[in-house]
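Engineer: Model the structure of this input:
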Amino acid sequence: MKTEKQKAAEGELYNANYDPLLQKEMLETRCKLHEYNLLSPHQQKERDQLIRTILHMGEEGCIISPFYCDYGYNIHIGKNFFANTNLVILDGARVTIGDHVFIAPHVGIYTAGHPLDVPQRNEGLEYAYPITIGNNVWIGAHVCILPGVTIGDNTVIGAGSVVTKDIPSGVLAYGNPCRVIRELTNE
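Structural biologist: The predicted structure is shown next:
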């Protein structure tokens, strides 16, 4: 029989609300995040050490407080990463973020969602689909990235966008729903 954690990893409906292991992991992460979010910006060494106990991040990474996530262990970030204030990552599934990614304030990256079926939703069931963000991506303020989305390399997502579907490499995309506006060229 699969655990709720295994079901989540496989994209199946799972119940995080009543699973003791997932609840314990989320509580431990919230406690670490509470400590991280209270550290002074002057305590850069301590901040850097603590965030790396929560998630996987390459060198030269910076996440400005406050920052929130569910588990942390599903978050894999490349090098030269910057995230401004109020980044929220619901990481019931893997979140992969490439190198040289810049994230503006108030961005939400949500692998988790809930069934449309009322009885399933009322049981506390949810699903989680992986999100991938390529290299050299800039995500504007107040962007919402939904479950299962991939954003290609060298792409810019404009402020206020709701990304519901994959966005290819090398484009400017924005809107609700987010759509490709034009290709990005050297001109």
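
Engineer: Looking at the protein, which helix is longest?
Structural biologist: Using DSSP state H, we find that the single longest helix of the chain is helix 20-38.

Engineer: Outside of the next helix or strand after it itself, list whatever touches it.
Structural biologist: Going down the chain from helix 20-38, the next helix or strand is helix 44-54, by DSSP states H and E. Helix 44-54 is contacted from outside by 29, 32-33, 35-36, 39, 41, 57, 61, 63, 67, 69, 72, 75, using CB atoms under 8 Å, 6 or more residues apart in numbering. For every residue, glycine as well, the C-beta is placed using N, CA and C.

Engineer: Could you rerun that using 6 Å?
Structural biologist: Applying CB atoms under 6 Å, 6 or more residues apart in numbering, the contact partners of helix 44-54 are Lys32, Tyr36, Leu39, Ile63, Gly72.

Engineer: how about these, which pair is most distant?
Structural biologist: The most widely separated members of these, counting by CB to CB, are Leu39 and Gly72 (16.0 Å).

Engineer: Comparing these two, which residue is more hemmed in?
Structural biologist: Shown here are Leu39 and Gly72; by other CB atoms under 10 Å, Gly72 has more neighbours (23 against 15).

Engineer: I'd assumed Ile63 was in contact with the more buried one.
Structural biologist: No. Under the criterion of CB atoms under 6 Å, Gly72 makes no contact with Ile63, lying 11.2 Å away.

Engineer: mind showing which ranges of the protein have poor pLDDT?
Structural biologist: Applying pLDDT under 70 to the chain flags no residue at all.

Engineer: mind listing the helices for it?
Structural biologist: 4-9, 20-38, 44-54, 118-122.

Engineer: I'd like those helices as a markdown table, with mean neighbour count appended.
Structural biologist: Output for those, formatted as a markdown table (neighbours: other CB atoms under 10 Å):
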| stretch | mean neighbour count |
| --- | --- |
| helix 4-9 | 18 |
| helix 20-38 | 14 |
| helix 44-54 | 14 |
| helix 118-122 | 11 |
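
Engineer: Out of the ones you listed, the one nearest Ile145 is which?
Structural biologist: Ile145 sits nearest to helix 4-9 of all the helices of the chain, at 18.0 Å, using CB to CB.

Engineer: Now do that closest one: which elements does it pack against?
Structural biologist: strand 14-15 (3 or more CB pairs under 6 Å, 6 or more residues apart in numbering; DSSP states H and E).
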